[in-house]
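> after the sequence you'll find the predicted model.
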Amino acid sequence: MKDRGSVLIAALVFSAVIAISIASYINLSRTTAHISNRALYNNAAMNLAENGLEEAMYSINKKIADESYNWSGDGWDTATLAGNARRKWSGTAFEQNATGEVRTIVYNFGGSANPRIVSRALVTLGNGGAPIEKWVEVSLSRTSRFSNGLVAKDSIWFKGNNASVDSWNSEKNPDGTLRSSPVGYSAGVKNDNGTVGSVSVATDAVLVKNADIWGYAATGGAQPEVGSNGLVGPFGTPVGTKNPDHISTDFSANFDPVTAPTETAYSLGGITDHLSLPRSGDTPNGDGYYYYSATQIDYNNKILDIKKLAVGNPDPKVIITLTNATKSIDIGGGSGEIRIASGAELQIYAPGDVKIAGNGVMNGSTSTGDANQPKSFQIWGTKVAPALQEIDIKGNGVLSAIVYAPQGTVFINGNGDVCGSVVANDITMVGNAAFHYDESLADFGGDSPFRVSKWQELSNASERTPYLTNLTW
């Protein structure tokens, strides 16, 4: 009997161990299934949030491609939140009776500034578990080469005590509507949206020092350096400080090489004497541009005049392709000058060094108040990597232009103003020069779509709270 009791006790203990093991295994399996199930629907929620972003991107770029596109007609609510558009998609069905919905808001959908999108997705589980949410924010920027003011592959240095950067929009009013006619820069229309960006990760990628950057500064990795008399931020930023909301270290940009036009052109030889273009008898190409080729432009007390045509003819658009790879443009000795009539346009493709001094370029008639926009005078640097070309802008006058030179070492020196946009290998501002970015250049180059410049998941309450009210309805 004693032996039988021992066996029974052993059997009971063994059965208990098996029961506990089975129960633990079942519980582990249930927990694993629960975790796996939530992971599955975490992915589903993120997919929903990104679907909302994609719908917003479609509408933003659809409006650019088709002016007749109507946000409201496509299901967006543009009336509730002034200047912003929002939309909700609900009833998405998943397996296991789970359902999903997504709310998306587009800030600045009308184009007064770069749009920003925030998307909130919610998945409700069929088993009654806690709902799953995913929030994503993206910032957008134009794909235009001139979507920023000063842009460099290497470095941007400010070497002076009173250099400054700000902006204005020559084409749009502050509310985003078109002006009746373009305006030049002035204190009455200035904005604090000047932008300075270098893709370099070096510690000296952007040396602000004692300059005033009324707007934004960005690098590829290091913090911009600000001196005791400098600043980065909106109007009102104290001297010696940089507003953290106006600084970023994840800047990126493309520096595609430039190819000179290949269209048949009138040969001008070396441009060293007075010249008015278009010349009598010259005819435009099918695209409306007059094409010319020359070795260089070398002016001392001479004038290149892009003149008005006879009444009834369109304003002239002139393209000059230069071939001297050592010295392409040298203007400024005495009264050497390029004059571009109001409404006209001049593009120059230069493979060599460029020097513009004094009052070297008059873009429009400033005396009558109808100065041309910066895009009316374009300098395209065609130097082939790894060689560099020097672009030197000096003097006390106003240069209204856009400069795109991926291999350019650009110096802006003097007490004058430079209006437009500059993209180069490296940029140095010396003296008291003031740079004014024309925000309308974000649209330059045709109907440029927007791209994602920054993607961020909002994963905690502090990040979500600023958008909670607008994304709850």
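Okay, I see it.
> now for this structure, the helix or strand with the poorest mean pLDDT.
strand 370-371 (a mean of 58; mean pLDDT, DSSP states H and E).
> after that one, next one along is what?
Using DSSP states H and E, the helix or strand that directly follows strand 370-371 along the chain is strand 377-381.
> quick one: strands adjacent to the top strand by length along the chain?
With DSSP state E applied, the strand covering the greatest number of residues in the chain is identified as strand 398-414. Counting by DSSP bridges, the strands paired with strand 398-414 are strand 377-381 (parallel), strand 389-395 (parallel), strand 417-431 (parallel).
> can you list those strands in JSON lines and add mean pLDDT and distance to residue 344?
Backbone N, C-alpha and C define where each C-beta goes, glycine included. As requested, those are arranged in JSON lines below (pLDDT from 0 to 100; distance: least, CB to CB, whole Å):
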{"stretch": "strand 377-381", "mean pLDDT": "96", "distance to residue 344": "9"}
{"stretch": "strand 389-395", "mean pLDDT": "87", "distance to residue 344": "21"}
{"stretch": "strand 417-431", "mean pLDDT": "92", "distance to residue 344": "16"}
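> in contact with residue 155: list those residues for me.
198, 200, 202, 204-207, 426-427 (CB atoms under 8 Å, 6 or more residues apart in numbering).
> show me which pair in those residues is furthest apart.
Comparing every pair within those by CB to CB identifies 202 and 427 as the most remote, at 14.2 Å.
> avg pLDDT for the longest strand of the chain?
In this model, strand 398-414 carries a mean pLDDT of 90.
> so where do the strands sit in the stretch 101-250 of the chain?
Secondary structure of the stretch 101-250 of the chain, counting by DSSP state E, counting those that start in this stretch: strands at 116-124, 132-142, 150-152, 156-159, 164-168, 194-198, 206-209, 212-218, 225-226, 231-233, 241-242, 247-248.
> if we can go back for a sec, tell me which of residue 202 and residue 427 has more neighbours.
Set residue 202 next to residue 427 and count neighbours by other CB atoms under 10 Å: residue 427 wins out with 28 against 13.
> list the residues that contact the more buried one.
Residues in contact with residue 427, defined by CB under 8 Å, 6+ apart, are 150, 152, 155-157, 410, 412.
> how much space between it and residue 157?
7 Å (CB to CB, to the nearest Å).
> over to residue 186?
For residue 186, the distance to residue 157 equals 28 Å [CB to CB].
> now residue 425
13 Å.
> also residue 82?
Using CB to CB, residue 82 is found at 41 Å from residue 157.
> have a look at the two and say which one is more surrounded.
More crowded of residue 82 and residue 157, by other CB under 10 Å: residue 157, with 23 against 7.
> bridged to the more buried one, which residues?
Going by DSSP bridges, residue 157 forms beta bridges with residue 207, residue 428.
> from what I can see it touches residue 411, true?
No - between residue 157 and residue 411 there is no contact under CB atoms under 8 Å: 10.0 Å.
> what is in contact with these two at once?
residue 428.
> for residue 42, what are its contacts?
Residue 42 makes contacts with 132, 134, as judged by CB under 8 Å, 6+ apart.
> distance between the ends of stretch 236-252?
For stretch 236-252, the first-to-last residue distance is 28 Å (CA to CA, to the nearest Å).
> where does the stretch 201-350 of the chain dip in pLDDT?
Applying pLDDT under 70 to the stretch 201-350 of the chain picks out residues 333-334.
> all the helices of it, in order from the start?
Secondary structure of the stretch 201-350 of the chain, counting by DSSP state H, counting those that start in this stretch: no helices present.
> so residue 45 sits in a strand?
No - per DSSP: H, G, I helix; E, B strand; the rest coil, residue 45 lies outside any strand segment and is helix.
> these two touch, right, it and residue 120?
No - counting by CB under 8 Å, residue 45 stays clear of residue 120, with 9.6 Å between them.
> overlap in contacts of these two?
Jointly contacting residue 45 and residue 120 under the rule CB under 8 Å, 6+ apart are 133-134.
> compare these two (neighbour count), which wins?
Higher neighbour count among residue 45 and residue 120: residue 120, with 26 against 22, using other CB under 10 Å.
> for that one, which residues count as its bridge partners?
As for beta bridges, residue 120 partners with residue 103, residue 135 under DSSP bridges.
> wait, what's in contact with it?
The contact partners of residue 120, by CB under 8 Å, 6+ apart, come to 49, 52, 102-104, 133-135, 464, 467, 471.
> equivalent analysis for residue 253, please.
148, 151, 197, 199, 423.
> try it again with 10 Å
Contact analysis of residue 253 by CB atoms under 10 Å, 6 or more residues apart in numbering lists 141, 145, 147-148, 151-153, 197-199, 218, 220, 423, 453.
> could those be laid out in a markdown table, adding neighbour count and distance to residue 243?
Converted to a markdown table, the contacts of residue 253 look like this (neighbours: other CB atoms under 10 Å; distance: CB to CB, whole Å):
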| residue | neighbour count | distance to residue 243 |
| --- | --- | --- |
| 141 | 19 | 19 |
| 145 | 21 | 27 |
| 147 | 26 | 21 |
| 148 | 26 | 17 |
| 151 | 25 | 20 |
| 152 | 28 | 21 |
| 153 | 19 | 25 |
| 197 | 25 | 16 |
| 198 | 29 | 18 |
| 199 | 19 | 22 |
| 218 | 24 | 13 |
| 220 | 19 | 20 |
| 423 | 26 | 24 |
| 453 | 19 | 19 |
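> tell me which of the residues you listed is nearest to residue 433?
Taking CB to CB as the measure, residue 433 sits nearest to residue 152 out of the contacts of residue 253, at 15.8 Å.
> what's across from that closest one in the sheet?
Applying DSSP bridges, one finds that residue 152 bridges with residue 198, residue 424.
> quick check, pLDDT for it.
On the pLDDT scale, residue 152 gets 97.
> for the one 3 residues further on, same thing?
What the model reports as pLDDT for residue 155 is 95.
> go on, residue 17?
Confidence score, pLDDT, at residue 17: 71.
> tell me the secondary structure for it?
Quick answer, by three-state DSSP: residue 17 is helix.
> distance check, it against residue 7.
To residue 7, residue 17 is 16 Å away according to CB to CB.
> for residue 72, same thing?
From residue 72 to residue 7 the distance is 83 Å (CB to CB).
> same deal with residue 458?
Remark: distance between residue 458 and residue 7 (CB to CB) = 64 Å.
> show me which of these two is the more surrounded one.
Under the criterion of other CB under 10 Å, the comparison of residue 458 against residue 7 puts residue 458 first, with 20 against 9.
> nearest spatial neighbour of that one, skipping sequence neighbours?
Nearest residue to residue 458, sequence neighbours excluded (CB to CB, 6 or more residues apart in numbering): residue 135, at 3.8 Å.
> per-residue confidence at that neighbour?
Looking at residue 135, the pLDDT reads 97.
> so what's it up against?
Counting by CB under 10 Å, 6+ apart, residue 135 makes contact with 45-46, 49, 103, 118-122, 456-460, 463-464, 467-468, 471.
> repeat that for residue 234.
Contact analysis of residue 234 by CB under 10 Å, 6+ apart lists 191-193, 214-216, 243, 245-246.
> turn those into TSV, including neighbour count and distance to residue 329.
What follows is the contacts of residue 234, written out as TSV (neighbours: other CB under 10 Å; distance: CB to CB, whole Å):
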residue	neighbour count	distance to residue 329
191	18	31
192	17	33
193	22	30
214	23	30
215	24	29
216	25	31
243	17	38
245	9	40
246	22	35
